[in-house]
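Participant: Pasted the sequence and its predicted model underneath.
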Amino acid sequence: MQILKPIFLVLIITLFIGCSNTQVNKTVDMDSVKTTAKKDIDISVKVIDKKPEYKLSKNEKDFLEVLKTDKYASLCSSQEKYFQIEKMQNSKEKSEKLKELFYDYTNNLANSCIDQDSLKRSLKEKKYKKRKQYYEVYNVKLDKSSLLEKYESNDNTIEMILSKYTPTHPDFFKLIKKLDIEKLSKQDYNKLRLNIERLKLLKDYKEDNFVQLNIPSYNFTLFENGEVERKFGTIVGEKDSQTPILSSKLSYFIINPAWNIPDSIAKETIIPRALKDRNYLKKKNIVIRAKYYDLDAKKVRFKDVNWKKYLKKHVKYIPYKFIQLPSRTNGMGRVKFMFPNDYAVYMHDTIGTWRFKSNKEKIRFVSHGCVRLEHPISFMKHITKKYTPKTYKSIRQTYLSSEMRTVGLNKKLPVHITYLTSYVKDGKLGFYKDVYEYDKIQKLNFIPYESAQALALLNKKNTINN
């Protein structure tokens, strides 16, 4: 109807001139009428052709802000998708691509950008299998439809959604802040990025209280309320008998423990020494039991067994168990701390306290997999007061005796055995030696340094254009 109105106007004027008996003083300028009509038609057409501008939602805009700096270090192999989206005009297609990228980004944040299949294959190789290398990962299964429903809802901000999948380890964002492409070498940048991904694979208990045993730095750190409560040295597994990387929960500790000596140590050390010195077992307070690590099991006398056949290389199993009774010379020391795992490792006291005075690899990487603590008694005192219903006075009395006693925790304390070769101390970035060679074994699904260069270049261009 808007288009027809000017045409009707022309017809009415023409009819008026032809039918009127009154002489018009001035001749109607038909060219002027046509021009006016044409303008009205053009205006009408423009109004019809104009489409409303497509607007992105608040969450979409906020997510784009996250992507600009890769705030959670989770673009990884999806960076090229972001570059394509960044070039697009706002549209429904752009929104759809952003939604798919949000799922990828969240999955990378929750489950890391480490090529886990490659890691599994490597650890099955003879070289690493012989070293007893174990690296447990803790993946999160994402509910895609639920995640994207929250993303499209106005009830959940991007920060709120991603917080569920963000590592709570206090070093996560500290390490991300050190990802400076202009200051770090390619080697250091890639190493730092790998360590950020390792934090994503930790079992996340969403708690601020936990113990971290970091292998490369051979230290024990107790976090309370997200802050370091105490920190001291450890002795960890040697390169050929490594401490496994895992997460568990401290469940109980044993005062004046007996030491269930592993078959491997019995074969390598205990039996050969006992064969040379018939008083060796007595001096070390070691007894033998048939089949089980149980003091109530059948007693066995050393002289009644032909031990030489168990020293042969092909023999793996020994049907006799050596147990060192509680004493001040026990290999476990006076206390050991237990957390469930498939590798029979735990934390314990040690009689070899002189080792903590050295930072040399050959001095600190010497255990058969368990972790020896520099200050086990102060740790025992802390957890007794905070995690058990017992008084430290009663625990101390047991400790001073030779009585063996198990103390359960009424609130279990998370334990993370980690492999982090990057750290931030006093605001400065540093690196540890890659003793177990996980820096070599673990591969990422993208190239960190080159990806960071490309992202920095894009942001620089956008800054100039704006």
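Facilitator: Sure thing, it's come through. Numbers count the residues shown, from 1 in each chain.

Participant: Can you name every helix or strand that the helix or strand hosting residue 194 contacts?
Facilitator: Element membership for residue 194 (DSSP states H and E) is helix 186-200. Counting contacts by 3 or more CB pairs under 8 Å, 6 or more residues apart in numbering; DSSP states H and E, helix 186-200 is packed against helix 92-111, helix 172-177, strand 422-425, strand 428-431, helix 448-465. Backbone N, C-alpha and C define where each C-beta goes, glycine included.

Participant: which of those sits most buried?
Facilitator: helix 92-111 (a mean of 18; mean count of other CB atoms under 10 Å).

Participant: After it, which helix or strand is next?
Facilitator: Assignment by DSSP H and E places the next element after helix 92-111 at helix 116-123.

Participant: Check which residues of that next one are buried.
Facilitator: The neighbour-count check on helix 116-123 (16 or more other CB atoms under 10 Å) flags 116, 119, 122-123 as buried.

Participant: ok, back up a step: which outside residues touch the helix holding residue 194?
Facilitator: 73, 109-114, 167, 169, 171-172, 175-176, 178-179, 181, 184, 418-422, 429, 431, 439, 442, 444, 448-449, 452 (CB atoms under 8 Å, 6 or more residues apart in numbering).

Participant: what does stretch 306-324 give?
Facilitator: Applying CB under 8 Å, 6+ apart, the contact partners of stretch 306-324 are 258-261, 263, 266-267, 270-272, 274-275, 284-293, 295, 297, 300, 305, 330-332.

Participant: can we see that at 7 Å?
Facilitator: In this structure, residues lying in contact with stretch 306-324 by CB atoms under 7 Å, 6 or more residues apart in numbering are 258-261, 263, 266-267, 270-271, 275, 284-293, 295, 300, 305, 330-331.

Participant: Can you go through the residues you listed and name the buried ones?
Facilitator: Buried among these (16+ other CB under 10 Å): 258-259, 261, 263, 266-267, 270-271, 284-289, 300, 305, 330-331.

Participant: what sits up against stretch 90-105?
Facilitator: With contacts defined as CB under 7 Å, 6+ apart, stretch 90-105 is touched by 54-56, 60, 63, 74-75, 78, 81-82, 85, 88, 144, 147-148, 151.

Participant: hang on, the earlier thing: and the angle for the helix holding residue 194 with helix 92-111?
Facilitator: With axes from the mean of the first three to the mean of the last three CA atoms, to 10 degrees applied, the angle from helix 186-200 to helix 92-111 works out at 80 degrees.

Participant: export helix 186-200 as PDB, just CAs?
Facilitator: This file holds the C-alpha atoms of helix 186-200, laid out as PDB (Å, rounded to 0.1, in the frame of the first residue of the first chain):
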ATOM      1  CA  LYS A 186      60.000 -21.600  23.100                       C
ATOM      2  CA  GLN A 187      61.300 -24.500  25.300                       C
ATOM      3  CA  ASP A 188      60.200 -22.800  28.600                       C
ATOM      4  CA  TYR A 189      56.800 -21.700  27.200                       C
ATOM      5  CA  ASN A 190      56.000 -25.300  26.100                       C
ATOM      6  CA  LYS A 191      57.200 -26.800  29.400                       C
ATOM      7  CA  LEU A 192      55.100 -24.300  31.400                       C
ATOM      8  CA  ARG A 193      52.000 -25.000  29.200                       C
ATOM      9  CA  LEU A 194      52.400 -28.800  29.700                       C
ATOM     10  CA  ASN A 195      52.400 -28.300  33.500                       C
ATOM     11  CA  ILE A 196      49.200 -26.200  33.400                       C
ATOM     12  CA  GLU A 197      47.600 -29.200  31.600                       C
ATOM     13  CA  ARG A 198      48.800 -31.500  34.300                       C
ATOM     14  CA  LEU A 199      46.900 -29.600  36.900                       C
ATOM     15  CA  LYS A 200      43.700 -30.200  34.900                       C
END
